[in-house]
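Asks: using only what follows, build the 3D model:
(one chain, ligands or ions: 2)
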Amino acid sequence: MVPNQQLLSKSPAVHNWLRVKKKFPHLWCPGCGDGIVLSSAILALDSLEYDKNDVVMVSGIGCAGRIPVYVDCNTLHTTHGRALTFATGIKLAKPHLKVMVFMGDGDALAIGGNHYIHAARRNIDLTVVVVNNNIYGMTGGQVSPTTPLSMKATTAIYGCIEQPFDPCELARSAGATFVARSTVYHVRHTEDMIRKGLEHKGFSLIEIISNCHTSYGRMNKLGDHITMIKHMRDNSVMIGPQLDQEKAQAEGKYILGVLHQDTSRPELCELYEEINKRGGTQ
Ligand SMILES: Cc1ncc(C[n+]2csc(CCOP(=O)(O)OP(=O)(O)O)c2C)c(N)n1
Ligand code: SF4
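Replies: Ligands and ions are numbered 1, 2, ... in the order given. Reported below is the predicted structural model:
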């Protein structure tokens with residue numbers, strides 16, 4: 001596919017950060033939220049004026065795991081569920097690098113669930129974006145740890161009977177020091193949450209609610225991508241002192257914004273550097 005020159009000329013960030021000639025066309029279904037997450041991440045990086053050579057994007061497998069493939073920086077496309085282990089190694093070896101991780105909900109919380117809680121517990125300085133579409137998108141719609149109760153999947157044809165995880169609550173209770181949520185409807189807000197995550201020193205989790213209309217939407221008769229994204233618009237509330245969180249949760253609203261930030265805990269690479277400086281002495 002010949003890149004759309006008109007589109008490119010309008011957005012310098014696209015010129016700067018995408019592997020336009022090598023990797024396109026992308027493999028996502030038209031209307032998939034993954035493209036919005038990709039552009040928001042690029043705009044966040046661009047606005048912070050990071051040098052591409054200092055940025056690393058790591059992912060596992062899945063539709064969301066394809067996000068780094070299209071970005072012109074250091075990228076590592078690893079095995080399903082293991083992105084955080086590779087990212088941890090990179091960050092410990094080269095702490096000056098800005099390491100981002102992109103995962104789907106299955107990748108992050110099912111096969112990768114163990115790594116998720118331990119990376120958060122360690123408070124290592126990674127910016128972790130979990131694209132939550134409530135399903136295994138790439139493999140055709142199996143149930144994931146975020147599939148809501150009673151919703152259908154190819155492996156839950158009568159409706160899901162398992163209690164789902166809240167990725168933000170899980171990360172926070174495991175020790176993440178920055179936790180935020182947005183949706184692919186809230187494009188600028190998504191960019192802002194990613195930017196704030198990048199600026200935070202420590203384990204940052206940004207959950208982006210996204211649409212998989214092809215699998216999850218079709219199986220649950222949720223309509224096309226536009227209908228699903230409008231549903232996010234109509235069912236989201238911003239966190240703030242006025243918000244009755246319990247009520248919002250009971251009404252099934254998505255609570256968006258920075259849900260948790262703690263700047264008091266030391267970051268893992270800094271502690272590791274201190275030990276190295278002491279050379280093993282007490
Ligand atoms: C070890 C291993 N197990 C299973 C798979 C098959 N597989 C590929 S992607 C995927 C799930 C993808 O779902 P998710 O992580 O939620 O991402 P999405 O595609 O929805 O973005 C699975 C099970 C695999 N590639 N490797
Ligand atoms: S299968 Fe779902 S998650 Fe994957 S590209 Fe299509 S819409 Fe997106």
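
Asks: measure residue 120 to residue 260 for me?
Replies: According to Cβ to Cβ, to the nearest Å, residue 120 stands 11 Å off from residue 260. Bear in mind the C-beta positions are built from the backbone N, C-alpha and C, glycine included.

Asks: let me fix that, I meant to ask about residue 161.
Replies: From residue 161 over to residue 260 (counting by Cβ to Cβ), the distance is 30 Å.

Asks: and those two? Which one has more around it.
Replies: residue 260 (16 against 9; other Cβ atoms under 10 Å).

Asks: ramachandran coordinates for that one?
Replies: Main-chain torsions, residue 260, degrees, to the nearest 10: phi -160, psi 140.

Asks: over to residue 236?
Replies: phi -120, psi 150.

Asks: so it makes contact with residue 184?
Replies: No. In this structure residue 236 lies outside contact range of residue 184 using Cβ atoms under 8 Å: 11.0 Å.

Asks: who touches both of residue 120 and residue 260?
Replies: Both residue 120 and residue 260 are contacted by residue 176, under the criterion Cβ atoms under 8 Å, 6 or more residues apart in numbering.

Asks: residue 236 and residue 184 - which one has more neighbours?
Replies: residue 184 (23 against 20).

Asks: and the more buried one, what does it touch?
Replies: Residue 184 is in contact with 33, 36, 37, 190, 208, 209, 210, 211, 229, 232, counting by Cβ under 8 Å, 6+ apart.

Asks: repeat that for 6 Å
Replies: By Cβ atoms under 6 Å, 6 or more residues apart in numbering, the contact set of residue 184 is 33, 36, 210.

Asks: low-scoring stretches of the stretch 51-200 of the chain, by residue?
Replies: Nowhere does the stretch 51-200 of the chain drop to pLDDT under 70.
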